[in-house]
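**Q** Got a predicted structure here, sequence first:
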Amino acid sequence: MTEDKPTRICLGVIAGAQGIQGEVIIRSFTQDPENIDAYGLLSDVTGKISYDLKVLRIAKKGIIARIKGITTRNMAEGLKGTELYVSAELLPEPDPGEFYYRDLIGLKALDQAGELVGEIISVQNFGAGDLLEIKLAGTDKSEFLPFHDDYLVEVSIANQHVIVKSTAGLWE
């Protein structure tokens, strides 16, 4: 049951309003947060509503930006929680040895003996770090594994697998 790789990638989320002239605070997920506006028009998750974004400055609480057509604080506050997406086709090819999280979806999760643990069906972050959601082999159950060196031995996009350290006691 492999889920399709996302065709739209979330680059950030509007965290709130800044000032009285419609500026917004953005929590950017891009490698260089201040480059979130380098991908052209961003959109909502459906791709139906576009946002023409211009980064103004970096602040402790996030990127401060202006969105074309948003001119008041109330308008900016109305966008709080809006996720900002771009078509995956617009992202640059990753450097050798690098990958996008979307590339992990569908990879087999193997233990260190080469036995199938399951298949990665999503990558999530609920605020405490990135998690791989793995549909466990032979079941309809899925579990989360922290995407961290303490739990992973290898990520190989070329070989279409990740190798996980022992999961004993992790999911029982």
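**A** Sure, I can see it. Residues are numbered from 1 along each chain as shown.
**Q** going forward, measure contacts and count neighbours with C-alpha atoms only.
**A** OK.
**Q** got the domain boundaries for the chain?
**A** Per the record's domain assignment (automatic domain parsing), the chain is made up of the domains 8-90, 101-161.
**Q** now these in CSV, with mean pLDDT and mean neighbour count?
**A** Shown next, in CSV, are the domains of the chain (pLDDT from 0 to 100; neighbours: other C-alpha atoms under 10 Å):
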stretch, mean pLDDT, mean neighbour count
domain 8-90, 93, 17
domain 101-161, 89, 16
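**Q** Compare these and report which one is nearest to residue 167.
**A** Judged by C-alpha to C-alpha, the one of the domains of the chain that comes nearest to residue 167 is domain 101-161, at 8.1 Å.
**Q** rewinding a little: could you dump the domains of the chain to TSV with distance to residue 167?
**A** Listed next are those as TSV, based on distance: least, C-alpha to C-alpha, whole Å:
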stretch	distance to residue 167
domain 8-90	29
domain 101-161	8
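**Q** For the nearest residue to residue 23 once chain neighbours are set aside, give me its contacts.
**A** Leaving out its chain neighbours, the residue that sits closest to residue 23 by C-alpha to C-alpha, 6 or more residues apart in numbering is residue 66, at 4.8 Å. Counting by C-alpha atoms under 8 Å, 6 or more residues apart in numbering, residue 66 touches 22, 23, 24, 53, 54, 55, 56.
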